[in-house]
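[1] Let me see the structure of the following:
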Amino acid sequence: MYKILHIISDTNIGGAGKLLLIFLANHNREQFDISVVLPKGSLLLPEIQNLGVRTIEFEGIADKSLALGAIGKLRELYKTENPDIIHSHASLSARIAAKMSKTRVVHTRHSVYSRQGDGPQHPYKKKFPYKHLAGALNNYLSDRIIATSPAAKISLMETGTSQRKTVMIYNAIDGLRECAEHEKMAYRFKFGIGENDFVCTMIARLEKVKGHLYVLKAAQMLQKEDPSIKFLFVGTGSEETHLKLLAAQMELENVIFAGFIENVEEPLSISHVQINASFTETTCLALLEGLSLGIPAVATDVGGNPFVINDGVNGILFEVKDYVAMCKAILSLKENPAEYAHLSKRAKEIFNERFTASVMTSRVEDVYRQLMES
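    Numbering: from 1, shown residues only. This next block holds a predicted model:
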């Protein structure tokens, strides 16, 4: 049995945390003894413990990639735990300590630097010397690097990260269950959505980088064109007050702010289309959840989106900020039932081929085995 120690610095449950939870729920417990190191008070703590996985609360790493004061303490922890592999999630400190301890390291790259939009892009990350330093650190501190989408792998290659050390493993989820008709009726009532409304759902943090502003502009156009098309925003964030005020000023009666919803089966089960208007994206887990239910997506053509949504196959892609193209895509899906049925069918098929939790978990476990055998 191999002993694996995961290190994650997140205090909230973001994309990296969700992926870790999916892996922990599905891993082979007979072959891998897994523990997770995480900050004290992290929201991930009870979720991991509920899966029966051992946790180690650790001070000094909360929401930090590089925490210099934690490196020595992590070395002491590794000496006590004696793991075969350290698996880091965006924790540079964990990798430095592992290198100093001569422990094998698997590092998952969960993000990709954006080339488009006006979000927090950090363009210096694409230039000398940061670009070359990032590649050198990846090569020196990691034995294997997991890129969670082709876009993430390309981003790594651009820094000079070793292709030999890098493996691409798609993000994945457990497919959502199909809700019964009476449940869907209850959800429509809960959100104030009519039985004949065409629902476009956007599950994303209410932040500028997610592009809600342009969805509101699309909603304004479609309210005049077809008032039966409704937009359901699921999530909270720093832009919530501003977006609600803007929707009121635009007199939008077709936009519903649902807030945070833990059970995303509720909004997705009554959705016809899923919207992703992000300026940057690696692999959007919400898109995968929609695909598992056969919901086509209308999404921006950035980052990992084109590797999840094949234009005209399981959804429609549009350029960042092009809300006119977004409108046309939504109308096309509503007004062409045959096209919609084809995209819906392929959405489910592509999900089962590429994005299931069992596929992702087995590939990560293969990385562990190959690293130990080598």
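[2] Tell me the helices and strands packed up against the lowest-mean-pLDDT helix or strand in the chain.
    The helix or strand of the chain with the lowest confidence, counting by mean pLDDT, DSSP states H and E, is helix 130-141 at a mean of 81. Judged by 3 or more Cβ pairs under 8 Å, 6 or more residues apart in numbering; DSSP states H and E, the packing partners of helix 130-141 are helix 92-100, strand 104-109, helix 150-158. For every residue, glycine as well, the C-beta is placed using N, CA and C.
[3] Including distance to E195, could the ones you listed go into CSV?
    CSV is the format used below for the helices and strands packed on helix 130-141 (distance: least, Cβ to Cβ, whole Å):
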stretch, distance to E195
helix 92-100, 51
strand 104-109, 43
helix 150-158, 39
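[4] Output the ones you listed in JSON lines, with distance to A258 and mean pLDDT appended to each entry.
    Formatted as JSON lines, the helices and strands packed on helix 130-141 follow (distance: least, Cβ to Cβ, whole Å; pLDDT from 0 to 100):
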{"stretch": "helix 92-100", "distance to A258": "36", "mean pLDDT": "95"}
{"stretch": "strand 104-109", "distance to A258": "31", "mean pLDDT": "94"}
{"stretch": "helix 150-158", "distance to A258": "29", "mean pLDDT": "83"}
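[5] between the ones you listed, which one is nearest to Y170?
    For the helices and strands packed on helix 130-141, proximity to Y170 was assessed by Cβ to Cβ; helix 150-158 is nearest, at 8.7 Å.
[6] Can you name the element that comes right after the closest one?
    strand 166-168 (DSSP states H and E).
[7] Output the helix or strand that that next one is followed by as CSV - backbone C-alpha positions only.
    Using DSSP H and E, the next helix or strand after strand 166-168 towards the C-terminus is helix 181-191. The C-alpha coordinates for helix 181-191 follow below in CSV (Å, rounded to 0.1, in the frame of the first residue of the first chain):
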residue,chain,number,x,y,z
GLU,A,181,-41.2,15.6,-12.6
HIS,A,182,-42.8,16.6,-9.3
GLU,A,183,-39.4,17.8,-8.0
LYS,A,184,-38.9,19.9,-11.1
MET,A,185,-42.4,21.5,-10.6
ALA,A,186,-41.4,22.4,-7.0
TYR,A,187,-38.1,23.9,-8.2
ARG,A,188,-39.8,26.0,-10.9
PHE,A,189,-42.2,27.3,-8.2
LYS,A,190,-39.3,28.0,-5.8
PHE,A,191,-37.5,30.2,-8.4
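[8] Quick check: which helices or strands does helix 181-191 pack against?
    Secondary-structure packing of helix 181-191 (3+ Cβ pairs under 8 Å, 6+ apart): helix 265-269.
[9] Could you name the helices and strands sitting against the helix it packs on?
    Going by 3+ Cβ pairs under 8 Å, 6+ apart, helix 265-269 lies up against helix 181-191, strand 198-203.
[10] Just the CA trace of that helix, in CSV.
    C-alpha atoms of helix 265-269 as CSV (Å, rounded to 0.1, in the frame of the first residue of the first chain):
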residue,chain,number,x,y,z
GLU,A,265,-29.5,19.6,-9.1
GLU,A,266,-32.3,22.0,-8.3
PRO,A,267,-31.5,24.8,-10.8
LEU,A,268,-30.0,22.4,-13.4
SER,A,269,-32.9,20.0,-13.4
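[11] Report how many residues lie close to Y2.
    For Y2, the count of nearby residues is 17 (other Cβ atoms under 10 Å).
[12] try I270
    23.
[13] For P227, which of the helices and strands packed on helix 130-141 is the nearest?
    helix 150-158 (36.6 Å).
[14] Could you check the angle that closest one makes with strand 104-109?
    120 degrees (axes from the mean of the first three to the mean of the last three Cα atoms, to 10 degrees).
[15] Pull the distance from helix 150-158 to the chain's centre.
    Chain-centre distance of helix 150-158: 16 Å, with Cα atoms, centre = their mean, to the nearest Å.
[16] try stretch 336-349
    The answer for stretch 336-349 is 23 Å, by Cα atoms, centre = their mean.
[17] ok, back up a step: could you identify which of the helices and strands packed on helix 265-269 is most buried?
    strand 198-203 (a mean of 24; mean count of other Cβ atoms under 10 Å).
[18] Dump that strand to PDB, keeping only the CA atoms.
    Extracted C-alpha coordinates of strand 198-203, given in PDB (Å, rounded to 0.1, in the frame of the first residue of the first chain):
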ATOM      1  CA  PHE A 198     -36.900  28.500 -21.500                       C
ATOM      2  CA  VAL A 199     -34.300  28.600 -18.700                       C
ATOM      3  CA  CYS A 200     -30.700  29.600 -19.100                       C
ATOM      4  CA  THR A 201     -28.800  29.000 -15.900                       C
ATOM      5  CA  MET A 202     -25.400  30.400 -14.900                       C
ATOM      6  CA  ILE A 203     -23.600  28.800 -12.000                       C
END
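[19] which residues touch it?
    193, 210, 212, 215, 226, 228-235, 264, 267-268, 270-277, 286, 289-290, 298, 330, 334 (Cβ atoms under 8 Å, 6 or more residues apart in numbering).
[20] Brilliant, that's me finished.
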